[in-house]
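1. Sequence first, predicted model second:
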Amino acid sequence: MKVEVRATPLAPWRELASYEEAHPELAGGAGAASVFVGSMRDSNAGDSVTGMTLEHYPGMTEREMLRLCEEARDRWSLLDLLVVHRVGALLPGDPIVLVAVWSTHRREAFEAARHLMEQLKSTVPFWKQEQTDAGRRWVEKNTPGY
């Protein structure tokens, strides 16, 4: 299991391939992998968004992400998890988050990946400040996922 918060660019498909290469046991044991990649949108709340700064609470953010992954492992039959989240300055189209879950069956992989993503959006201490044509603003709530 790997959880990471980083300020450097995220190449999610390379990250995923690298992780699978480092964990060859996934090729034989995992019947399913569910992968979610979230990217920055160029609009929000009816406004054009030209950039965003994503902040976090170092240490606390990673601990909460790890707690969520451990909770998912306890709830579903999972082989492995990978969660990588960007912070810092972002532009529209930039990947922000990668959630990957491996399991022997697709149901567990799908359910766990969706649960992790929804929890990341709602409980982990991240703060978004968007740059719009009207200026900067803090995002008060995330878009509903369900």
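-> Great, that's in hand.
2. Kindly state the beta-bridge partners for the residue most central in space within the chain.
-> Centroid check for the chain by C-alpha atoms, centre = their mean gives residue 97 as the closest residue, at 3.3 Å. On the basis of DSSP bridges, residue 97 is bridged to residue 38, residue 85.
3. I'd say it and residue 87 touch.
-> No: look at residue 97 against residue 87 with C-beta atoms under 8 Å: they stay out of range, at 10.6 Å. The way it works is simple: take the backbone N, C-alpha and C, and place the C-beta from them, glycine included.
4. List the buried residues in the worst-scoring helix or strand of the chain on mean pLDDT.
-> Least confident helix or strand of the chain, by mean pLDDT, DSSP states H and E, is helix 25-29 with a mean of 84. Buried residues in helix 25-29, counting neighbours by 16 or more other C-beta atoms under 10 Å, are found at residue 26.
5. helices and strands around that helix, which ones?
-> Judged by 3 or more C-beta pairs under 8 Å, 6 or more residues apart in numbering; DSSP states H and E, the packing partners of helix 25-29 are strand 78-86.
6. And for the following helix or strand past the strand it packs on, what's in contact with it?
-> The helix or strand immediately downstream of strand 78-86 is strand 88-90, counting by DSSP states H and E. Strand 88-90 has contacts (C-beta atoms under 8 Å, 6 or more residues apart in numbering) with 7, 40, 51-54, 96.
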